[in-house]
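Q: Model the structure of this input:
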Amino acid sequence: MLDFLLALLGSVDGADTALAKSMKRSKTLTIMVIVGMLLFGAFILFLVHMAGKQG
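A: Numbers count the residues shown, from 1 in each chain. Below is the predicted model of the structure:
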């Protein structure tokens, strides 16, 4: 799963970004990034839902 997440963050053909390198070393950072992405996605869905009620 970590490899999939790193691919989403731009880790292509071994050209790891600084975030990807840090995430490989830190479980806490990895969990924080996953939770942040989930919360951001939920917020976007909430905004879409609220925009749909407008009209």
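Q: looking at the protein, which helix or strand is least sure?
A: helix 2-8 (a mean of 69; mean pLDDT, DSSP states H and E).
Q: what's downstream of that one, the next helix or strand?
A: Scanning forward in sequence from helix 2-8 by DSSP states H and E, the next helix or strand is helix 18-25.
Q: chain center to that next one: distance?
A: Remark: helix 18-25 is offset 13 Å from the chain centroid, using CA atoms, centre = their mean, to the nearest Å.
Q: and the residue nearest to the spatial centre of the chain, backbone torsions?
A: The centroid of the chain falls nearest to Met37 when counting by CA atoms, centre = their mean (3.7 Å). The phi and psi values for Met37, taken as degrees, to the nearest 10, are phi -70, psi -40.
Q: so what's it scoring on pLDDT?
A: pLDDT for Met37: 91.
Q: Same question for Ser11.
A: Per-residue pLDDT puts Ser11 at 53.
Q: What strand or helix carries Phe40?
A: helix 27-54.
Q: Report the angle between that helix and helix 18-25.
A: 120 degrees (axes from the mean of the first three to the mean of the last three CA atoms, to 10 degrees).
Q: Which strands or helices does helix 27-54 pack on?
A: In terms of contacts (3 or more CB pairs under 8 Å, 6 or more residues apart in numbering; DSSP states H and E), helix 27-54 is packed against helix 2-8, helix 18-25. Where C-beta positions appear, they are placed from N, C-alpha and C, glycine not excepted.
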